[in-house]
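S.K.: this is a predicted model, with the sequence first.
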Amino acid sequence: KNEVEQSPQNLTAQEGEFITINCSYSVGISALHWLQQHPGGGIVSLFMLSSGKKKHGRLIATINIQEKHSSLHITASHPRDSAVYICAVSSGNTPLVFGKGTRLSVIA
Amino acid sequence: GAGVSQSPSNKVTEKGKDVELRCDPISGHTALYWYRQSLGQGLEFLIYFQGNSAPDKSGLPSDRFSAERTGGSVSTLTIQRTQQEDSAVYLCASSLVEPRGNNEQFFGPGTRLTVL
């Protein structure tokens, strides 16, 4: 079974800071997913990537397949970015295996 | 279009009672997943339906848990004789299935179950 590790577990940042959240996994995958969970509990898919880099607004996700590692970056962070960010991996259509999440708080 | 919907949004029940949780996936999505998020814990897989194939039940924590998917669309997760440790948010997700693709999963809002 794939083991997914995220770091840090908790992160507090000042508004405007550049933020990096890391994810590593133990077994080869076909896709890595970054999810966002707001305090109300709803989960939104931010990225699904299998190689390289994707960018959406102030969010950037990268993956290194050889090193089994991915990073999620947030540029110019804002209080509304405060949420739990969850890394998950899959192989084809298999159920997701999740990391424990990174709780981000951005302070104005 | 409509996303994944779940009902009820909140359910409070007494220990020992049975509960049913419902998931309506996105129309046309053939894959449906149930996950659980216990307080302070990460998300864990429960059960997976894909088309007409036998479901993958490998994540169900005990035989008190069961799920069905009727007509390839709506799914019901049933927990019999609920225990306090069943208290959690139960999340449903659905996705398309493309033979050689990776498929983004779309999550419902979840059902928060509290067992007293």
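M.R.: Structure received.
S.K.: from here on, contacts and neighbour counts on C-alpha atoms
M.R.: Will do.
S.K.: pLDDT weak spots in chain B?
M.R.: B:1, B:98-102 (pLDDT under 70).
S.K.: ok, and the closest non-adjacent residue to the residue at minimal distance from the centre of chain B?
M.R.: Centroid-nearest residue in chain B: B:Trp34, 2.9 Å away (criterion: C-alpha atoms, centre = their mean). With sequence-adjacent residues excluded and distances taken as C-alpha to C-alpha, 6 or more residues apart in numbering or on different chains, B:Trp34 is closest to B:Cys92, at 4.6 Å.
S.K.: hmm, back to that, in what helix or strand does the residue nearest to the centre of chain B lie?
M.R.: strand B:31-37 (DSSP states H and E).
S.K.: could you dump the helix or strand containing A:Leu104 to PDB, C-alpha only?
M.R.: Following DSSP H and E, one finds A:Leu104 within strand A:102-107. In PDB, the C-alpha atoms belonging to strand A:102-107 read as follows (Å, rounded to 0.1, in the frame of the first residue of the first chain):
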ATOM      1  CA  THR A 102      -1.300  20.400   6.000                       C
ATOM      2  CA  ARG A 103      -3.300  23.000   8.000                       C
ATOM      3  CA  LEU A 104      -2.500  26.400   6.600                       C
ATOM      4  CA  SER A 105      -3.300  29.600   8.400                       C
ATOM      5  CA  VAL A 106      -2.600  32.900   6.600                       C
ATOM      6  CA  ILE A 107      -2.700  35.900   8.900                       C
END
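S.K.: run a quick neighbour tally on residue 15.
M.R.: This is for chain A. 17 (other C-alpha atoms under 10 Å in any protein chain shown).
S.K.: ah, I was thinking of chain B
M.R.: 16.
S.K.: partner strands of the strand holding B:Trp34, parallel or antiparallel?
M.R.: Strand B:31-37 has the following sheet partners, assigned by DSSP bridges: strand B:43-50 (antiparallel), strand B:88-95 (antiparallel).
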